[in-house]
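Novice: Coordinates for the following, if possible.
(one chain, ligands or ions: 1)
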Amino acid sequence: MRVKIDKISHDFKGICNVDNKVIFVPGTFPGEIVDIKIVKNTKKYSEGKVISFVEVSEKREESKCPYSRICGGCSISHIEYIMSLQYKKDIVVDIIKRYADINIDPSIISNGEVYGYRNKVSFKILEGHLALTEEKSNKLVKVNQCLLANGNINKVVRLINDINLKYVTDVIIRGSQDIMVIFNGRIDKDSVISILSGYVSSIILNGETIYGRNHITTNVNGYEFAIFPTSFFQVNTNMIKSLYDRILKYAKGGRSLLDLYCGAGTIGIYLANSFELVRGIEINKDAIRGANLNKQINNINNITFECKNVDDMGEISEDVVVVDPPRSGLDRNVIDKLLSSEVEKIIYVSCNPITFARDLNILKVKYKLEDIVLFDMFPNTRHVECVTLLQRKD
Ligand SMILES: C[S@@+](CC[C@H](N)C(=O)[O-])C[C@H]1O[C@@H](n2cnc3c(N)ncnc32)[C@H](O)[C@@H]1O
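Specialist: Reported below is the predicted structural model:
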C-alpha cells in the first residue's frame, strides 16, 4: 500500500489515515510517501512496516550512529535536529490539550549539544562484549561506543571491551569528569582494576566498592554533587544549570520549600539559599546518602532529608513544592495531599508529558498552569523534560 504520512504520533511514529483508519508507520515522519506492508491490524488502528521510500522528507538525515538502525538509543537521530525540537513541542502541546484540555505555547530550550551529552549508559552483555538493547525488545547489539555518551564514558567502553565479560550480566558507566563503573556478575577483580585504574574514580562489583571511592562527584554551577551507584542524577550534565535556574525562577523564594522525589537533594540544595527552610523526600537510600553528603559538601544548613515513600508523608505545610516524579507521575495520594494543602505554588518537573497532563487535569481544579517550558535534556531521543509553574487559583 502506498501512503503519505501526515502527522507524527506521541511516540514519534509517522501517522496516515486510510479509509478512516489510522495507520502508524514507525521510522517515517510528515511529508514522506512510503510503500508499506500492514504488520498489525486491530479494530482501532493498524501498524505498517516500510517496504520502500517513494519520497523522502528533506528533514531526513543520515544518523551519525553506526548502530542506529538496530539499537533504540538515538531513535530519532534520522530527523534534522531543529525539526525534532518542533515535533517535541507539537507533541507536548497536543498531549496537554488532549488530556488536560489546556492550550499552551511553550518554548523549548536546547544547548545545541546533540551528541556526547549523556553521563550514564547501562549496557547488557552479548558474547562477552558490551551491548545495548533495541527499544521495546530483547534484541542486543554489540557496541564499541555510544554517540549519546560523553567522551570519558566512551574511552572506558573501549577499555572494558578488552576485558573478558563472559560471566558479567550488566555494566553501568556513569559520570562526566569523574567516572564510575558498576559491574554485576563474575569478573576477575585484579585485571579489571589494572586495566581501568587511572581512567576511572570508582569501580563497584556486585554492590561493593573494589577500587576508588563509593561515589563520584559532578559540578553544577559551583555546586558539587555526589552520586552513589543507584541514585538518580539528571543524565545531561550540561543542561542541568538551565533546568535548575528555571525551577529557581518559578520558585523565587520564601519561607518553606518541599522537594518531593528529591533524589540526591540537588534541586532543594540549589534553591536552599532562597528559602528559610527546605525539606526533601526520597525513597532510595543511596540517593538520601548522597543528599546528606551534598548538604555537607555545599555547606547548606537549612535543609533536611527524609528517606521514605512520598505516599507515607504527612500533611504538607510548606508554601512552595517542587515535584520531580519518575515517568509514572504523581500517585493519587500525593495529588490529594497537594489539593488539601495551602501550597501556593507547585513546580512540576516531568520527563513524561502524558502522566504530567493526567495529573494536571486533576490539579487544575485548584491550580492554574501559569507557565511551561520544555528542556531538550535528551537530544536524538523522543524524550523531553517539561518544567511547569502551577499557581494556586485563590
Ligand atoms: C526523576 S527522579 C528526580 C530526582 C531529583 N529531583 C533530581 O533532579 O535529581 C525521581 C526520583 O523519585 C524517586 N522516587 C520514585 N518513587 C518514589 C516514591 N514513591 N517516594 C519517594 N521517592 C520516589 C526515585 O528514586 C528518583 O530518585
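Novice: Quick check: residues of the stretch 201-350 of the chain near the ligand?
Specialist: Applying Cβ under 6 Å from any ligand atom, one finds that the stretch 201-350 of the chain approaches the ligand through 232-234, 261-264, 266-267, 281-284, 287, 309-311, 324-326. For every residue, glycine as well, the C-beta is placed using N, CA and C.
Novice: Which among these count as buried?
Specialist: Buried members of these, scored by 16 or more other Cβ atoms under 10 Å, are 232-234, 261-264, 266-267, 281-284, 287, 310, 324-325.
Novice: which intervals of the stretch 51-200 of the chain have sub-threshold pLDDT?
Specialist: Applying pLDDT under 70 to the stretch 51-200 of the chain flags residues 135-136.
Novice: Please, where are all the strands along it?
Specialist: 107-109, 120-126, 129-133, 140-142, 168-175, 179-185 (DSSP state E, counting those that start in this stretch).
Novice: my guess is Thr355 contacts Arg327, does it?
Specialist: Yes - Thr355 sits in contact with Arg327 when judged by Cβ atoms under 8 Å, with a separation of 6.6 Å.
Novice: Looking at the two, which has the bigger crowd around it?
Specialist: Thr355 (18 against 11; other Cβ atoms under 10 Å).
Novice: In three-state terms, label the more buried one for me.
Specialist: Classification of Thr355 using DSSP: H, G, I helix; E, B strand; the rest coil returns helix.
Novice: what residues are up against the closest residue to it other than its chain neighbours?
Specialist: Leaving out its chain neighbours, the residue that sits closest to Thr355 by Cβ to Cβ, 6 or more residues apart in numbering is Gly329, at 2.8 Å. By Cβ atoms under 8 Å, 6 or more residues apart in numbering, Gly329 lies in contact with 350, 352, 355-356, 358-359.
Novice: Arg279 and Arg255 touch, don't they?
Specialist: No - here Arg279 lies out of contact with Arg255, judged by Cβ under 8 Å, at a distance of 12.0 Å.
Novice: quick one: which of those two has more around it?
Specialist: Set Arg279 next to Arg255 and count neighbours by other Cβ under 10 Å: Arg279 wins out with 22 against 11.
Novice: what lines up beside the helix or strand harbouring the more buried one in the sheet?
Specialist: Under the criterion of DSSP states H and E, Arg279 resides in strand 275-282. Strand pairing for strand 275-282, determined by DSSP bridges: strand 254-260 (parallel), strand 303-307 (parallel).
Novice: Would you reformat these as JSON lines and include mean pLDDT and distance to Tyr117?
Specialist: Below are the strands paired with strand 275-282 laid out as JSON lines (pLDDT from 0 to 100; distance: least, Cβ to Cβ, whole Å):
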{"stretch": "strand 254-260", "mean pLDDT": "97", "distance to Tyr117": "24"}
{"stretch": "strand 303-307", "mean pLDDT": "98", "distance to Tyr117": "28"}
